[in-house]
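Visitor: sequence below, structure please.
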Amino acid sequence: MSLFNLLENFFFSFLATVGFSIFFNSPIKSLIPAGAIGGVGWTVYMILFNFSGNAILANFFAAALISLLSEILARKMKYPAIIFVIPGILPLIPGLGLYNTMLSLVEGRYTDAISIGTNALFVSASIAMGVLLITSLVKTYYIILFKINNKKLQLKKLIK
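Guide: Down below sits the predicted model:
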């Protein structure tokens, strides 16, 4: 995969993510950062998929990166992380796989429908797991940080 091809993929996934952000009525200040997150996520997916050939693994790591960048930007821009996560992961959703599953079902090719549908289901689950992992880790981090700061505050009150 050439650099031009990666830049082209980044650009179009950037535009798709900005379009989804507009559709979801995201704040105007969040459109460019959300587009950048979507573009980076899709580019990482393309690199990992070309390197490993495993769509499930590539989607997991791309979704985890999108979630991590969204959590960071949410803190910096003081917006909810979901404003960046949802539009950012939409380019990763296996729409063609879902379409081909339904097409195979309508045409009566049930073994193809099961095969394609199972793959689309696992890809969707890997996206959800990538987002869930990072979101859970970040929330756990902030809960622990809150408890530590609360203990420090109690100690200061006890000393005075």
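
Visitor: output the longest helix belonging to this protein.
Guide: For the chain, the longest helix by residue count, based on DSSP state H, is helix 110-159.

Visitor: distance between that one and the chain's centre?
Guide: With CA atoms, centre = their mean, to the nearest Å as the basis, helix 110-159 stands 12 Å off its chain's centre.

Visitor: elements contacting the worst-scoring helix or strand of the chain on mean pLDDT?
Guide: Every helix and strand of the chain was ranked by mean pLDDT, DSSP states H and E. The lowest is helix 110-159, at a mean of 91. In terms of contacts (3 or more CB pairs under 8 Å, 6 or more residues apart in numbering; DSSP states H and E), helix 110-159 is packed against helix 55-77, helix 82-89, helix 95-107. All C-beta spots, glycine's among them, are computed from the backbone N, C-alpha and C.

Visitor: winner for burial among those?
Guide: Highest mean neighbour count among those (mean count of other CB atoms under 10 Å): helix 82-89, with a mean of 24.

Visitor: that helix packs against which elements?
Guide: helix 3-23, helix 31-52, helix 55-77, helix 110-159.

Visitor: turn these into TSV, columns for distance to T101.
Guide: Output for the helices and strands packed on helix 82-89, formatted as TSV (distance: least, CB to CB, whole Å):
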stretch	distance to T101
helix 3-23	22
helix 31-52	20
helix 55-77	15
helix 110-159	4
